[in-house]
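Enquirer: Pasting the sequence and the predicted model now:
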Amino acid sequence: MKIISNEIDLKTSKRLEIIDISSKVGEIVKFTGIKNGMINIFTRHSTSAIVINENETGLVKDFENLLKKIVPENSDYAHNVIDNNADSHLRSFLLGGSQSIPVIGGQMDLGTWQSIFFVELDGPRSRKVKITVIGQYLRY
Amino acid sequence: MKIISNEIDLKTSKRLEIIDISSKVGEIVKFTGIKNGMINIFTRHSTSAIVINENETGLVKDFENLLKKIVPENSDYAHNVIDNNADSHLRSFLLGGSQSIPVIGGQMDLGTWQSIFFVELDGPRSRKVKITVIGQYLRY
Amino acid sequence: MKIISNEIDLKTSKRLEIIDISSKVGEIVKFTGIKNGMINIFTRHSTSAIVINENETGLVKDFENLLKKIVPENSDYAHNVIDNNADSHLRSFLLGGSQSIPVIGGQMDLGTWQSIFFVELDGPRSRKVKITVIGQYLRY
């Protein structure tokens, strides 16, 4: 059994941006050599989120519109006295900042229509996503 | 330390259906023989979710009504040009597709009023839920 | 590799209360002596939640107001025939009851603006939060 840490650096380009990081995460899993176990993807930023869903252009637009509808940008938030990004924190609060996925046969066991998304909620910014892989080198 | 993978096959019967899978998951924990550690429950489908809450008939109805209120079915979603289930993806996007629970003394350490639910958001379908158990055979 | 379980006891004082438990969780990580790995924080109560976000007084107020707006207290919920706290369960259903965080160099690898919150949704009550730390004693 081994536990290995790694990270992904991202540069986002818009205030609200949903970025598919599946292939970057998949490369890290391959690099660790771990064959059977689990992976955790964690964002270090409280104005971002990690979600798993389908990467279809129209649907990604729908995700953005849902966030804007549930948590409107220009509302009367208390945090905006300090920093003008309460909506970003509130959207992160609802979505959550980490996901865990099984690793089987040296790969993440994602379904056919599942992608891992980094959700930028207060960009553009430089972001760090932490990857933790736990597992065994040999499949049993 | 050991990490063991397993899965649960489900056949759902309605479009929106909240199914208690606690006893199925509990049997897998027992079967692994792991006494102390953690379990991860992961759905491989981006129109479903895994949540933990109380299994009371009225409350399960309330969960369904909340999802219908926050993400209405017949709205003008971009994804519906491709596939008529944007609402299913959006509800999954909000709830999330995995949960992790401590394992103590060979059992999941759930509270008295906690059940594990598979949330079908685009049924009826055949579904696969992945279980990963990490831990030690002996309690220390 | 080792996996270690521990718990935090909390006494909450309000019906809706967002409590920063970062330092309590940090002490447990230090106590385990684990240097590299992962931690899971899990609430055993289906009328509470665990979230990670920024601890700023105005923002914490905004979180509370968002929950009240999305899931109003005095609505016509089916569960309220049994127990008058459907809104508490529904808010927990949306937020989720656990979070996982990397451990690096003997400490949780949280970002500068990230705190771990226990979200009391039906207080005041006595609550138990379970901590599971997985990892290695030596950094490699």
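Expert: Nice, thanks for sending it over.
Enquirer: Report the separation between the residue sitting nearest the centre point of chain A and residue A:112.
Expert: In chain A, the centroid-proximal residue (C-alpha atoms, centre = their mean) is residue A:50; its distance is 2.4 Å. Note on residue A:50: its distance to residue A:112, by C-beta to C-beta, to the nearest Å, is 20 Å. C-beta here means a position set from N, CA and C on the backbone, and glycine is covered the same way.
Enquirer: wait, the residue nearest to the centre of chain A sits on residue A:115?
Expert: No - counting by C-beta atoms under 8 Å, residue A:50 sits too far from residue A:115 to count as a contact (11.4 Å).
Enquirer: How about stretch A:108-116 and chain C, touching?
Expert: No - applying C-beta under 8 Å from any C-beta of the partner chain, one finds stretch A:108-116 separated from chain C by no less than 14.7 Å.
Enquirer: Provide a list of residues in contact with the spatially closest residue to residue A:43 that is not a sequence neighbour.
Expert: The spatial neighbour of residue A:43 that comes closest, neighbours along the chain excluded (C-beta to C-beta, 6 or more residues apart in numbering or on different chains), is residue A:97 at 4.7 Å. In this structure, residue A:97 makes contact with A:42-43, A:45-46, A:48-50, C:52, C:99, C:114, judged by C-beta atoms under 8 Å, 6 or more residues apart in numbering or on different chains.
Enquirer: do that again at 6 Å, thanks
Expert: Each residue near residue A:97 by C-beta atoms under 6 Å, 6 or more residues apart in numbering or on different chains is listed here: A:43, A:49-50, C:52.
Enquirer: could you dump stretch A:62-75 to CSV, C-alpha only?
Expert: Coordinates of each C-alpha in stretch A:62-75 appear next as CSV, following Å, rounded to 0.1, in the frame of the first residue of the first chain:
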residue,chain,number,x,y,z
ASP,A,62,-26.7,24.9,-18.3
PHE,A,63,-24.4,24.3,-15.2
GLU,A,64,-23.3,27.9,-15.3
ASN,A,65,-26.8,29.2,-15.7
LEU,A,66,-28.1,27.1,-12.8
LEU,A,67,-25.4,28.6,-10.5
LYS,A,68,-26.3,32.1,-11.7
LYS,A,69,-30.0,31.4,-11.0
ILE,A,70,-29.6,29.8,-7.5
VAL,A,71,-26.9,32.2,-6.4
PRO,A,72,-27.3,35.5,-8.3
GLU,A,73,-24.2,37.7,-8.6
ASN,A,74,-25.6,41.1,-7.7
SER,A,75,-27.4,40.4,-4.5
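Enquirer: what about it, near chain B?
Expert: Yes - contact of stretch A:62-75 with chain B (C-beta under 6 Å from any C-beta of the partner chain) involves A:62-63, A:66.
Enquirer: okay, the angle between the longest helix anywhere in chain A and helix C:57-70?
Expert: Scanning chain A for the helix with the most residues, using DSSP state H, yields helix A:57-70. Orientation check (axes from the mean of the first three to the mean of the last three C-alpha atoms, to 10 degrees): helix A:57-70 against helix C:57-70 gives 100 degrees.
Enquirer: Can you dump the C-alpha atoms of the helix or strand that comes right after helix A:57-70 in PDB for me?
Expert: Next helix or strand after helix A:57-70 toward the C-terminus (DSSP states H and E): helix A:86-95. Listed next in PDB are the C-alpha coordinates belonging to helix A:86-95 (Å, rounded to 0.1, in the frame of the first residue of the first chain):
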ATOM      1  CA  ALA A  86     -19.700  36.500  -2.000                       C
ATOM      2  CA  ASP A  87     -21.500  34.800  -4.900                       C
ATOM      3  CA  SER A  88     -18.300  32.900  -5.700                       C
ATOM      4  CA  HIS A  89     -18.000  31.500  -2.100                       C
ATOM      5  CA  LEU A  90     -21.700  30.700  -2.000                       C
ATOM      6  CA  ARG A  91     -21.600  28.700  -5.200                       C
ATOM      7  CA  SER A  92     -18.500  26.800  -3.900                       C
ATOM      8  CA  PHE A  93     -20.400  26.200  -0.600                       C
ATOM      9  CA  LEU A  94     -23.100  24.400  -2.500                       C
ATOM     10  CA  LEU A  95     -20.900  22.400  -4.900                       C
END
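Enquirer: Packing partners of helix A:86-95?
Expert: strand A:48-53, strand C:48-53, helix C:57-70 (3 or more C-beta pairs under 6 Å, 6 or more residues apart in numbering or on different chains; DSSP states H and E).
Enquirer: Mind listing what's buried along stretch A:96-106?
Expert: Across stretch A:96-106, burial judged by 16 or more other C-beta atoms under 10 Å in any protein chain shown covers A:96-104, A:106.
Enquirer: again, but for stretch A:129-140
Expert: Applying a neighbour-count criterion of 16+ other C-beta under 10 Å, one finds A:129-136 buried in stretch A:129-140.
Enquirer: Turn those into TSV, including pLDDT and secondary structure.
Expert: Formatted as TSV, the buried residues of stretch A:129-140 follow (pLDDT from 0 to 100; DSSP: H, G, I helix; E, B strand; the rest coil):
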residue	pLDDT	secondary structure
A:129	98	strand
A:130	98	strand
A:131	98	strand
A:132	98	strand
A:133	98	strand
A:134	97	strand
A:135	96	strand
A:136	94	strand
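Enquirer: Taking these together, which two end up most distant?
Expert: A:129 and A:136 (24.1 Å; C-beta to C-beta).
Enquirer: Skipping adjacent residues, who's closest to residue A:138 in space?
Expert: Nearest residue to residue A:138, sequence neighbours excluded (C-beta to C-beta, 6+ apart): residue A:35, at 6.1 Å.
Enquirer: from memory that neighbour sits against residue A:104, does it?
Expert: No - the criterion here is C-beta atoms under 6 Å, and residue A:35 misses it with residue A:104 at 8.1 Å.
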